[in-house]
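In: Coordinates for the following, if possible.
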Amino acid sequence: MTETKILKWGIVSTGRIADKFCHDMAYVKNGTVAAVAARSLKDASDFAAKHNIHKAYQSYQSLFDDKDLDIIYIATPHTFHFKNVYDALSAGKHVLCEKPITISSQEFSVLAALAKQNNVFLMEAMWTYFLPSLLKAKEWVAQGRIGTIKHIKADFGYLVPYEPEGRMYNPDLAGGCLFDMGIYPLALAQYFNAGPLNDVVVKTQFAPRKVEKDVALLASSNGVTLSLASSFQCRMQNAALIIGDQGYIKIPNFWRAKSCGLYQLDEKVADFKDNSPGSGLHFEATAVGVAINNNQLEHPDMPHSVSLRLQQQLETIRASF
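Out: Down below sits the predicted model:
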């Protein structure tokens, strides 16, 4: 039996999601955070002190060149992902990059090819796919508990006040609710019903500088009707419904799900609750570690093909703006 290697992680960026990721790494048995890099050495040093990280770098490249590190977690704004991932892969590092991993299918194809060329692991950080509640919901579907899927409904929105120079509304930083929030409903639909979008209808509202603040999508895929939405205008239900001809599954706050329920008509017939500690990011980090220890270059539950399809779907939606 091959001994499990404890992977040494390097963190790029010290923002909110990187902070959550490092907090959840306390629950990861096959990995440890060994270094962090930021544009400011003070930011990197402060972050390192907060999370008991031994090395702090001002230069991202210095982090990539650190021979002690096995894998890089990238949590910079969307428009920096391509360069950050490219440089990390070029340094021979495995990479987990926040979603969306790139802002075009062309960019992602370049990164996927480079990862294969350099024989290193690459995955988009679709952490939702690894949450126990999503795994349970998919198990119910596989068991035929809801029959044949007919509809998938999912939305994700929070009020994000307009700030002209803020990242969320800056077109130069790929701002807008589609990339920030809309990726989650799209990914949820792929998780339960992998396939291309057909018969696409998109309704969009815009903030200044033609940055979308509300996107609603109606489409079909493999005979399943998809109703998906994202918004910076309001808090939406942030729930998912997987509806079959014999029942349905409701997943509250599906993007960070801690529970799910199985219904037949109006009666809840099964319930699942995840009482594990942490935000849930440790599940994907653990899964990445297992895949790398198994010498896999892609994770079977979040392979390159899914990331490419999501990029293509984002492009289809944006083409309607």
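
In: the domain parsing of this structure - what is it?
Out: According to automatic domain parsing, the chain is divided into the following domains: 7-126+280-303, 132-273.

In: what about residue 200, how many residues close to it?
Out: Neighbouring residues of residue 200 were enumerated by other Cβ atoms under 10 Å; the total is 17. No exception for glycine: its C-beta is placed from N, CA and C like everyone else's.

In: Next, the residue lying closest to it once chain neighbours are set aside: phi, psi?
Out: Closest residue in space to residue 200, ignoring its immediate chain neighbours: residue 219 at 4.6 Å, by Cβ to Cβ, 6 or more residues apart in numbering. Main-chain torsions, residue 219, degrees, to the nearest 10: phi -160, psi 170.

In: who's in contact with the one residue sitting closest to the centre of the chain?
Out: Residue closest to the average C-alpha location in the chain (Cα atoms, centre = their mean): residue 126, at 2.7 Å. If you count contacts by Cβ atoms under 8 Å, 6 or more residues apart in numbering, residue 126 has them with 99, 187, 284, 302, 306.

In: if I look at it, how far off is residue 60?
Out: With distances defined as Cβ to Cβ, to the nearest Å, the gap from residue 126 to residue 60 amounts to 23 Å.

In: if we can go back for a sec, identify whichever of the domains of the chain lies nearest to residue 317.
Out: The minimum distance between residue 317 and the domains of the chain falls on domain 132-273, with 5.6 Å, by Cβ to Cβ.

In: show me where the stretch 201-321 of the chain has strands.
Out: 211-221, 224-231, 240-244, 248-251, 259-264, 267-273 (DSSP state E, counting those that start in this stretch).

In: need those strands in CSV with distance to residue 39, mean neighbour count and mean pLDDT, can you?
Out: Formatted as CSV, the entries for those read as follows, by distance: least, Cβ to Cβ, whole Å; neighbours: other Cβ atoms under 10 Å; pLDDT from 0 to 100:
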stretch, distance to residue 39, mean neighbour count, mean pLDDT
strand 211-221, 24, 21, 97
strand 224-231, 29, 22, 98
strand 240-244, 36, 23, 98
strand 248-251, 37, 22, 98
strand 259-264, 39, 19, 98
strand 267-273, 40, 12, 98
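
In: bridging residues for residue 35?
Out: The bridge-partner assignment for residue 35, based on DSSP bridges, gives residue 10, residue 55.

In: For residue 101, see how far away it is.
Out: Looking at residue 35 against residue 101, where the rule is Cβ to Cβ, the gap reads 22 Å.

In: These two: which has the busier surroundings?
Out: Summary of the neighbour comparison: residue 35 and residue 101, criterion other Cβ under 10 Å, with residue 101 having more neighbours (28 against 22).

In: pLDDT weak spots in the stretch 1-150 of the chain?
Out: Low-confidence segments of the stretch 1-150 of the chain (pLDDT under 70): 1-2.

In: Check the spacing between residue 308 and residue 90 real quick.
Out: Distance from residue 308 to residue 90, counting by Cβ to Cβ: 20 Å.

In: for residue 191, same thing?
Out: Taking Cβ to Cβ as the measure, residue 191 falls 31 Å from residue 90.

In: same deal with residue 72?
Out: 11 Å.

In: now do residue 50
Out: For residue 50, the distance to residue 90 (Cβ to Cβ) stands at 30 Å.

In: and what of residue 239?
Out: Here the distance between residue 239 and residue 90 works out to 41 Å (Cβ to Cβ).

In: ok, and which of the domains of the chain has the densest surroundings?
Out: Across these, averaging neighbours per residue (mean count of other Cβ atoms under 10 Å) puts domain 7-126+280-303 on top, at a mean of 20.
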